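Asker: sequence and computational prediction follow.
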Amino acid sequence: MKIGILQTGHAPDEVKGELGDYATMFARLLQGHGFDYETFNVVDNEFPTSVDAADGWLITGSKHGVYEDHDWIAPLESFIRDVKASGKPMIGVCFGHQIIAQALGGQVEKFDGGWIAGPQSYRFGGDEVVLNAWHQDQVITPPEGAKVLASNDSCANAALLYGDTILTVQPHPEFTTRMMEGLLQHRAPGVLPETMIQQITDQLGQPQNDHGFAHKMAAFFKGNANE
């Protein structure tokens, strides 16, 4: 099964040499599930010719906001609507979660509580799932018909399900502890309060549910939405 990765941003240069770009991180997360990949740098206006260029689609995170005035935002939203109409499976993570919501009629804003970063616990039904997060924006109003799958006290719409073909999630299952260390070193200073940086640093290394969520993503791509 071929997964088309729509890359909407690039990892910081300081970590890219060691960890790869965002598409590489997802390929590593989903390793062993039998997928092939093709990456389209939509952030650089590199788009697929059609939704049939892959069997399923994955939209990455980004430093950009979905409401910003970039010339690739509108074509990406149009492509998202085409994928939805096609019935092909699609997964969005962080920015991907937000741009899918916006493209389908939802609302995304900066969270008035500020940045959410580091390991976060989310309620997925009756389960507590811990994943790394790194965002200030979030889906404030989900699109009509979207089902909320996960939430916590600071992110009411942390995961959304659209029928049985689109799954989106606000946190980053692909962000390892090493990636978080890189973000804290190279992107956090001057953006996050020093006390917050230290708090997140102290929390790194705690058990995560990234592999379990990778299994869920793989099952979703293969048509097993209920796993």
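Answerer: In hand now; what should we look at?
Asker: how far away is the residue nearest the centre of the chain from residue 69?
Answerer: Taking Cα atoms, centre = their mean, the centroid of the chain lies closest to residue 93, which sits 1.2 Å from it. Using Cβ to Cβ, to the nearest Å, residue 93 is found at 23 Å from residue 69. Every C-beta, even on glycine, is put in place using the N, C-alpha and C of the backbone.
Asker: distance of the residue nearest to the centre of the chain from residue 170?
Answerer: 8 Å.
Asker: okay, now the unreliable bits of the chain?
Answerer: 225-227 (pLDDT under 70).
Asker: what does the helix of greatest length in it rub up against?
Answerer: Counting residues, the longest helix found in the chain (DSSP state H) is helix 73-86. With contacts defined as Cβ atoms under 8 Å, 6 or more residues apart in numbering, helix 73-86 is touched by 6, 8, 42, 45, 47-48, 50-52, 57, 59, 66, 90, 99-100, 102-104, 162, 165-166.
Asker: please convert the buried members of those into ChimeraX selection syntax.
Answerer: In ChimeraX, a selection of the buried entries from the contacts of helix 73-86 looks like this (16 or more other Cβ atoms under 10 Å):
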select :6,8,42,47,48,51,57,59,66,90,99,100,102,103,104,162,165,166
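Asker: confirm residue 129 sits in a helix?
Answerer: No. Residue 129 sits outside any helix when classified using DSSP: H, G, I helix; E, B strand; the rest coil, being strand.
Asker: which residues does the spatially closest residue to it that is not a sequence neighbour contact?
Answerer: Once flanking residues are discounted, residue 129 sits nearest to residue 209: 4.5 Å by Cβ to Cβ, 6 or more residues apart in numbering. Taking Cβ under 8 Å, 6+ apart, we find residue 209 in contact with 129-131, 173.
Asker: which two of these have the greatest separation?
Answerer: Maximum pairwise distance among those (Cβ to Cβ): 10.4 Å, between 130 and 173.
Asker: between these two, which has more neighbouring residues?
Answerer: Shown here are residue 130 and residue 173; by other Cβ atoms under 10 Å, residue 173 has more neighbours (23 against 18).
Asker: ok, the more buried one touching residue 91?
Answerer: No. In this structure residue 173 lies outside contact range of residue 91 using Cβ atoms under 8 Å: 10.0 Å.
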